[in-house]
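Show me how the following folds:
(one chain, ligands or ions: 1)
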Amino acid sequence: MRQRKMTFDGLVWARPSPIAHRGAQEFLVRDASHFLPCKDVNETNHLQRAYNLLLHPLRNIPSPKLWTCSQLPYTYHWIRGELTFVVHDLHKIYGDTVRLTPNRVAFAHPDAWQQIRENGKDPVWYHMSRLNILGADRKNHSRVLRTLASGFSAKAIQAQEGLLAGYVDLFISQLKKLAPATHDGGGGVVDLSAWLSFFAFDIIADLSFGESPFNCLANGVYHPWVYTWLAGGGGDGQKKIGLDQQLEYALAQVKKRLEDPDGLRDEKRKANGRDKVIAFIGAMTTTSNSNPREMTEHEIAANAMLLVTAGSETATTALACAVYYIASISQVQKRLAEEYMLAVLDEAMRRMPPVPRNMPRVVGAKGGDAICGWYLQYGTVLDIWPWAINHLENNFTKAYDFIPERWLDVDEFEGVRFNKDRYGASQPFSVGPRNCISKNLAYLEMRMVLARLVWNFDLELFGEEAKKFPDCKGYAVWIKRRLYIELKPVLRD
Ligand code: HEM
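Residues are numbered from 1 along each chain as shown. Purely as a prediction, here's the structure:
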């Protein structure tokens, strides 16, 4: 396919198409080789397949026969963006522990989270992220975490609150233009999936690059940096779209910061209080004699890029899913008080875990490891598929229903009892030494924007596309459908 090009911010980018998000699948299929990381498994001959089935140390772990012999079923469903749903079906048939490929096992019991997360990340799957904190090995991870920590401290989050509030104001004022209040009520229809994404990307790009480079909210469109990243399936299918420009763009921002370290505290920023904001890029580039710079330019750019992506679509998914259910179930909208809002967000992240993929670990102990009662040899890949396990009745009563009350201190709601719910199964921010660095900032951002949204508007689903919102494909992020919501301004005294 010949790509159309456009110039933006001095770089040539692939041109956005009206079906931007659907591009991802095409590129994933073209890049299928990327999804066959079966270095450890020679499956080219029948003998090897027979070995995988009959003699392999994982042979006793329940699984469909084809999956135990070959990597192909796993890869096929992954490319189609449906693997998490298929793994869910496998757990229903085979139980909490299922062998997904010759050398890969998935778990659904809540105890697995902690036990698996003690192991190191799978270097094959995190290879593309090896320069940033997400994929760094243990030694490099400590170094990067140490450098970034000041950008995520309680003090930093307090200082960032004003910046968040500014973006919430801009978000609401843009929506008010699209859904104005008039004498006969007014309102309008808005794709909130896109607008929440504009909001989240603007905030995180500001904190990651140190200024507001994307201006998605102000312009009402995705910056090509965002568009190309989304069109690549959120990193996984990105080799062919935009990666070079994204990196070039990030490097230019980093160079700017390094050449002008005081830029984050200049007069213009002092005037609007932004000099107090501890930006992530500031944490990575600010140096002193006692605190020399510990990261190369490329590492800083790679981490800034990671932060933009890790901190944007995740929050967007949680918010969009919450909005979908708020707009679908009138009762939820009526009850949106502060405590209930947290429950709504937690239930939204259970129904649509913002990181839909497996985040695989590998058994690192030479002598193997025991997980959920199974002995697993050195090198076994360990998966948890969040959507798959969040929707098992063993873990959550009425698992396919949206019931925020299950997260409140009540035993029963409308005849449904939650005493058997295994809350630890839903871990949207992961657990253990590599869990999310930014859980507090994420909750703050989500609560602020959701509170202002429902304060200003009544929300109602609009059209057939919006009704299908939860039914989407999952890669590194969900390829979200459009979420058309009818916004009706609430007039308050
Ligand atoms: C609803 C919002 C969010 C969710 C559900 C979420 C979820 C996660 C998950 C599941 C991981 C573990 C990934 C793995 O094991 O490979 C993770 C890691 C990470 N997240 Fe988040 N995240 C959110 C928001 C954010 C934000 C706002 C930022 C930054 C601004 C951020 C930055 C990171 C970073 C840097 C890591 C890597 C931590 C490490 O390896 O030490 N996340 N996140």
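
quick one, what contacts the closest residue to residue 220 other than its chain neighbours?
Taking C-beta to C-beta, 6 or more residues apart in numbering, and ignoring the residues beside it in sequence, residue 220 has residue 174 as its nearest neighbour in space, at 6.8 Å. To be clear about C-beta, it is placed using only N, CA and C from the backbone, and glycine gets the same treatment. Contact criterion C-beta atoms under 8 Å, 6 or more residues apart in numbering gives 195, 217, 218, 220 as the residues in contact with residue 174.

The third one contacts residue 171, doesn't it?
It refers to residue 218. No - distance between residue 218 and residue 171: 10.6 Å, which falls outside the contact criterion (C-beta atoms under 8 Å).

between these two, who's got more neighbours?
Shown here are residue 218 and residue 171; by other C-beta atoms under 10 Å, residue 171 has more neighbours (22 against 12).

how near is the more buried one to residue 370?
When distances are taken as C-beta to C-beta, to the nearest Å, residue 171 and residue 370 turn out to be 48 Å apart.

swap in residue 152?
Distance, residue 152 to residue 370, by C-beta to C-beta: 34 Å.

more crowded one of those two?
residue 152 (22 against 11).

Please name the nearest non-neighbouring residue to that one.
Distances taken as C-beta to C-beta, 6+ apart put residue 437 closest to residue 152, at 5.4 Å, once the chain neighbours are dropped.

Name the SS class of that neighbour, please.
Reduced to three states with DSSP: H, G, I helix; E, B strand; the rest coil, the structure at residue 437 is coil.

Could you count how many residues lie near it?
When counting by other C-beta under 10 Å, one arrives at 21 neighbours for residue 437.

if I read this right, it contacts residue 133, doesn't it?
Yes - under the contact definition of C-beta under 8 Å, residue 437 touches residue 133, with a separation of 7.4 Å.

Residues that sit against both of these two, list them.
By C-beta under 8 Å, 6+ apart, residue 437 and residue 133 have these common neighbours: 145, 148.

Output stretch 180-197 as PDB, restricted to C-alpha atoms.
Output of stretch 180-197 as PDB, limited to C-alpha atoms (Å, rounded to 0.1, in the frame of the first residue of the first chain):
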ATOM      1  CA  PRO A 180     -23.700  24.400  23.700                       C
ATOM      2  CA  ALA A 181     -26.500  25.300  26.100                       C
ATOM      3  CA  THR A 182     -29.400  27.100  24.400                       C
ATOM      4  CA  HIS A 183     -32.700  28.300  25.600                       C
ATOM      5  CA  ASP A 184     -34.400  25.100  24.400                       C
ATOM      6  CA  GLY A 185     -31.800  22.900  26.200                       C
ATOM      7  CA  GLY A 186     -29.200  22.600  23.400                       C
ATOM      8  CA  GLY A 187     -26.500  19.900  23.400                       C
ATOM      9  CA  GLY A 188     -24.700  18.000  20.700                       C
ATOM     10  CA  VAL A 189     -23.200  14.700  19.800                       C
ATOM     11  CA  VAL A 190     -19.500  14.100  20.400                       C
ATOM     12  CA  ASP A 191     -17.200  11.200  19.900                       C
ATOM     13  CA  LEU A 192     -15.900  11.100  23.500                       C
ATOM     14  CA  SER A 193     -13.500   8.200  22.700                       C
ATOM     15  CA  ALA A 194     -11.500  10.700  20.600                       C
ATOM     16  CA  TRP A 195     -11.900  13.700  22.900                       C
ATOM     17  CA  LEU A 196     -10.900  11.800  26.000                       C
ATOM     18  CA  SER A 197      -7.900  10.600  24.000                       C
END
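
Confirm that residue 486 sits in a helix.
No - under three-state DSSP, residue 486 sits outside any helix and is assigned strand.

and it, what is it in contact with?
The neighbours of residue 486, taking C-beta under 8 Å, 6+ apart as the test, are 187, 188, 189, 459, 460, 461, 462.

ok, of those, which come out buried?
187, 188, 459, 460, 461, 462 (16 or more other C-beta atoms under 10 Å).

Where is pLDDT lowest across those residues?
Least confident entry in these, by pLDDT: residue 187, with 93.

I'd like to know how far that residue sits from residue 326.
Taken as C-beta to C-beta, the span from residue 187 to residue 326 is 16 Å.

now residue 443
Distance, residue 443 to residue 326, by C-beta to C-beta: 17 Å.

For the two, indicate the residue with more neighbours.
residue 326 (28 against 18).

Next, count neighbours for residue 155.
The burial metric for residue 155, expressed as a neighbour count using other C-beta under 10 Å, is 10.

if I pick it, what's in contact with it?
Residue 155 neighbours (C-beta under 8 Å, 6+ apart): residue 278.

Locate it within the secondary structure: which element?
Under the assignment given by DSSP states H and E, the secondary-structure element containing residue 155 is helix 154-178.

Paired strands for the very next helix or strand once past that helix, with orientation please.
Helices and strands here follow DSSP H and E; after helix 154-178, the next one along the chain is strand 188-191. The partner list of strand 188-191 in its sheet, established with DSSP bridges, is strand 484-489 (antiparallel).

by how many degrees do the strand it pairs with and helix 154-178 diverge?
With axes from the mean of the first three to the mean of the last three C-alpha atoms, to 10 degrees defining the directions, strand 484-489 sits at 90 degrees from helix 154-178.

Alpha carbons only: can I get strand 484-489 in CSV?
Provided in CSV are the C-alpha atoms of strand 484-489 (Å, rounded to 0.1, in the frame of the first residue of the first chain):
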residue,chain,number,x,y,z
TYR,A,484,-20.8,8.9,20.1
ILE,A,485,-22.4,10.5,23.2
GLU,A,486,-25.2,13.0,23.2
LEU,A,487,-24.2,15.6,25.7
LYS,A,488,-27.0,17.6,27.2
PRO,A,489,-25.8,20.7,29.2
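
for the record, mean pLDDT for it?
For strand 484-489, the per-residue pLDDT values average out at 96.

and it, which residues are buried?
Buried residues in strand 484-489, counted by 16+ other C-beta under 10 Å: 484, 485, 486, 487, 488, 489.

and residue 361, what are its phi and psi?
phi -110, psi 170 (degrees, to the nearest 10).

same deal with the one 5 residues further on?
In this entry, residue 366 is assigned phi and psi values of phi -60, psi -30 (degrees, to the nearest 10).

ok, now the one 5 residues further on?
The phi and psi torsions at residue 371 (degrees, to the nearest 10) take the values phi -130, psi 120.

so it makes contact with residue 106?
No - because the distance of 11.0 Å does not satisfy C-beta under 8 Å, residue 371 is recorded as not touching residue 106.
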